[in-house]
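[1] quick one, structure for this:
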Amino acid sequence: MSLAKIQIPNITEEEMTPIISQLLEIIEQLSAAIQQQTELIQQLKDEIARLKGHSPKPKIRPSRLGKNIIKKKKGSGKKKRPGSKKRHKTAQIQIHETIAREPDYIPPGSKFKGYNDFVVQGLEIKAHNVLFRLKTYEAPDGEYITAKLPKHLNGKHFNPELIEFILYQYHHCHVTQPLLLEQLYELGIDISKGKLNNILIEDKDEFHQEKNEILTAGLEVSSYISVDDTGARHNGKNGYCTHIGNDLFSWFESTESKSRINFLKLLRAGHSDYLITMDAIAYMQSNKLPKYAIKAIIANLHRIFANDSQWHAFLAENDIVKQRHIQIATEGALIGAILEHGISEYLVIISDDAGQFNVLLHALCWIHANRAIDKIIPYTEQAKIDLKNVKDQIWKLYEGLKAYKQNPNLKDKNRLEAFFDQIFTTHTSSAMLNLALGRIYKNKSELLLVLERPDIPLHNNLSENSIREYVKRRKVSGSTRSESGRMCRDTFTTLKKTCRKLGVPFWQYLKDRIEKIGHIPKLSDLIRQQALNPG
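    Numbering: from 1, shown residues only. Next up is the predicted model:
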């Protein structure tokens with residue numbers, strides 16, 4: 001506790017000696033000094049935050065609750081915001097039970113005039129356990145005949161609704177297994193930890209298959225994808241989860257690596273082959289693969305290698321053994337396979353400038369590029385002025401690019417490109433700012449790809465927002481331990497986020513798939529339909 005907060009006890013005149021009086025004066029002086037230092041420190045913190053572009057400590061005003069402060073100012077009336085019009089809240093809901101009620105007292109001679117309807121919404125959350133008594137008969141030949149369980153139970157001791165509830169709570173609501181187990185106990189369900197874990201991760205092949213089909217369909221119909229990755233610890237080892245998606249789908253896959261080879265393998269969408277094509281050879285040549293290796297690879301043009309072992313055996317046979325050469329050749333053969341499987345060579349990959357994503361047509365996120373400018377702290381008044389001018393110009397350019405996307409034309413394209421050159425070749429009084437501008441200028445083609453492809457976004461926010469789903473799950477539940485657990489985390493995160501983008505309620509999706517209802521089409525088919533009819 002600081003001296004400024006010390007409560008000085010009441011001292012009577014008899015107890016007030018000269019020494020105590022002197023000590024109290026010293027305490028008051030120290031308290032005032034500490035208060036001044038505290039205010040100075042906070043002012044310095046606020047100034048540092050301002051220089052970094054952050055918000056200072058908020059000024060919290062005293063509570064005004066209980067005071068009559070709501071007064072309408074003249075001329076302050078505003079129209080209601082769009083969408084705030086009163087709606088009939090219960091017009092679309094299903095009525096499960098209708099109960100007619102009589103008044104407590106009806107005077108003689110009263111006439112019935114109809115009903116005033118009052119809808120009460122609710123849930124029935126309770127255990128519903130069923131005992132099936134399967135009759136058994138002995139046939140004349142001695143064989144026993146036993147009645148069968150209803151087909152929808154699939155021989156399980158837990159009905160589909162309970163399984164749907166468990167999957168929904170865990171994957172959609174991020175309820176951890178211990179809390180979910182406790183919740184089920186409190187609702188009257190007798191289930192073990194092992195059985196709960198099995199319900200969450202076992203017999204999910206159909207879901208895994210649908211997850212893989214999502215990536216195939218998404219890459220097939222998309223003109224661009226946003227990509228990002230995050231940490232995904234598994235079985236005690238650090239790993240990574242990669243997100244691939246756009247406004248139609250989200251797809252997640254956890255692996256041990258986040259290299260470019262790993263990313264290209266993911267883009268194969270379930271395939272395991274390598275293919276030598278002219279595109280593959282062009283990639284190898286552009287990345288300076290030695291001529292002896294290029295010659296051996298050209299001699300095997302159009303050859304397909306079914307898996308990793310066949311490909312690495314081929315490289316060893318042709319003396320391609322240096323790690324860098326293996327990497328270039330492998331990346332090229334993977335690109336050959338990807339393009340062969342139907343991905344367009346004009347597919348744009350939007351990233352935050354992580355090197356592993358720089359393949360095919362690569363575009364950079366403007367928000368991430370601008371962070372290099374935001375991090376600069378000016379040390380002189382002129383540097384402050386220069387930084388402010390540059391920031392203003394960058395956001396003016398950004399607004400221009402947004403407008404160009406709505407109405408692409410050659411005049412604005414040339415103007416915006418010239419404006420980019422003007423901003424990022426400017427020489428200012430700040431050496432740090434000059435370095436940042438120079439680094440951004442080197443990425444001109446990737447930042448201005450939108451001038452050639454106005455259909456792509458200017459930022460990577462789609463991936464940034466989608467991958468937060470995985471980050472939240474990691475924070476809540478930690479790492480995965482079994483391969484089945486890791487696959488299920490990837491699969492159900494993919495299905496949940498894709499359902500949301502396609503406007504499919506995740507609860508209805510789980511119900512449809514587990515109960516084999518068949519009303520909701522495959523998500524891959526919905527992706528193709530929505531791509532054909534974006535409106």
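[2] please, where are all the strands along this structure?
    Applying DSSP state E to the chain gives strands spanning 136-138, 144-146, 224-231, 240-245, 250-255, 274-275, 304-305, 348-351, 361-364.
[3] how about those, which one is nearest residue 485?
    Between residue 485 and these, the shortest separation by Cβ to Cβ is 10.2 Å, and it involves strand 250-255. For glycine as for every other residue, the C-beta is placed from the backbone atoms N, C-alpha and C.
[4] give me the contacts around that closest one.
    Strand 250-255 is contacted from outside by 211, 214-215, 218, 232, 234, 239-245, 262, 266, 466-467, 469-470, 480, 486, 489-490, 493-494, 497-498, 501, using Cβ atoms under 8 Å, 6 or more residues apart in numbering.
[5] mind listing what's buried along the helix ranked longest in the chain?
    Of all the elements of type helix in the chain, the one with the most residues (DSSP state H) is helix 18-51. Of the residues in helix 18-51, those buried by neighbour count under the rule 16 or more other Cβ atoms under 10 Å are residue 31.
[6] tell me what that helix is packed against?
    For helix 18-51, the packing partners by 3 or more Cβ pairs under 8 Å, 6 or more residues apart in numbering; DSSP states H and E come out as none at all, with no helix or strand in contact.
[7] TSV for the strands of the chain, including mean neighbour count and distance to residue 297?
    Below are the strands of the chain laid out as TSV (neighbours: other Cβ atoms under 10 Å; distance: least, Cβ to Cβ, whole Å):
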stretch	mean neighbour count	distance to residue 297
strand 136-138	9	69
strand 144-146	9	65
strand 224-231	22	28
strand 240-245	25	28
strand 250-255	24	26
strand 274-275	25	11
strand 304-305	18	11
strand 348-351	23	24
strand 361-364	21	24
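[8] could you export these as CSV, including distance to residue 326?
    Putting the strands of the chain into CSV (distance: least, Cβ to Cβ, whole Å) gives the following:
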stretch, distance to residue 326
strand 136-138, 65
strand 144-146, 61
strand 224-231, 23
strand 240-245, 21
strand 250-255, 18
strand 274-275, 12
strand 304-305, 14
strand 348-351, 23
strand 361-364, 23
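[9] turn these into JSON lines, including mean pLDDT.
    Written out in JSON lines, the entries for the strands of the chain read as follows (pLDDT from 0 to 100):
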{"stretch": "strand 136-138", "mean pLDDT": "90"}
{"stretch": "strand 144-146", "mean pLDDT": "91"}
{"stretch": "strand 224-231", "mean pLDDT": "93"}
{"stretch": "strand 240-245", "mean pLDDT": "94"}
{"stretch": "strand 250-255", "mean pLDDT": "94"}
{"stretch": "strand 274-275", "mean pLDDT": "94"}
{"stretch": "strand 304-305", "mean pLDDT": "94"}
{"stretch": "strand 348-351", "mean pLDDT": "94"}
{"stretch": "strand 361-364", "mean pLDDT": "93"}
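[10] what about the ones you listed, which gets the closest to residue 96?
    The closest approach between residue 96 and any of the strands of the chain, judged by Cβ to Cβ, belongs to strand 250-255 at 34.4 Å.
[11] so what strands line up beside the closest one?
    Applying DSSP bridges, strand 250-255 is found paired with strand 240-245 (antiparallel).
[12] what angle sits between the partner strand and strand 224-231?
    When axes from the mean of the first three to the mean of the last three Cα atoms, to 10 degrees is applied, the directions of strand 240-245 and strand 224-231 differ by 160 degrees.
[13] convert the C-alpha atoms of strand 240-245 to CSV, please.
    Presented in CSV, the C-alpha positions along strand 240-245 are these (Å, rounded to 0.1, in the frame of the first residue of the first chain):
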residue,chain,number,x,y,z
TYR,A,240,0.6,-25.8,-36.5
CYS,A,241,-3.0,-25.5,-37.8
THR,A,242,-3.4,-24.0,-41.3
HIS,A,243,-6.6,-22.3,-42.3
ILE,A,244,-7.7,-22.1,-46.0
GLY,A,245,-11.0,-20.4,-46.9
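[14] contacting residues around the residue nearest to the spatial centre of the chain?
    Nearest to the geometric centre of the chain sits residue 466, at 1.8 Å (Cα atoms, centre = their mean). Residues in contact with residue 466 (Cβ under 8 Å, 6+ apart) are 226, 228, 243, 245, 250, 497.
[15] for the residue nearest to it when sequence neighbours are not counted, give the beta-bridge partners.
    Nearest-residue entry for residue 466: residue 250, 4.5 Å, with adjacent residues in sequence omitted and distances by Cβ to Cβ, 6 or more residues apart in numbering. Using DSSP bridges, the beta-bridge partners of residue 250 come out as residue 245.
[16] out of the strands of the chain, which gets nearest to residue 156?
    Distances from residue 156 to each of the strands of the chain were compared by Cβ to Cβ, and the smallest falls on strand 144-146, at 17.3 Å.
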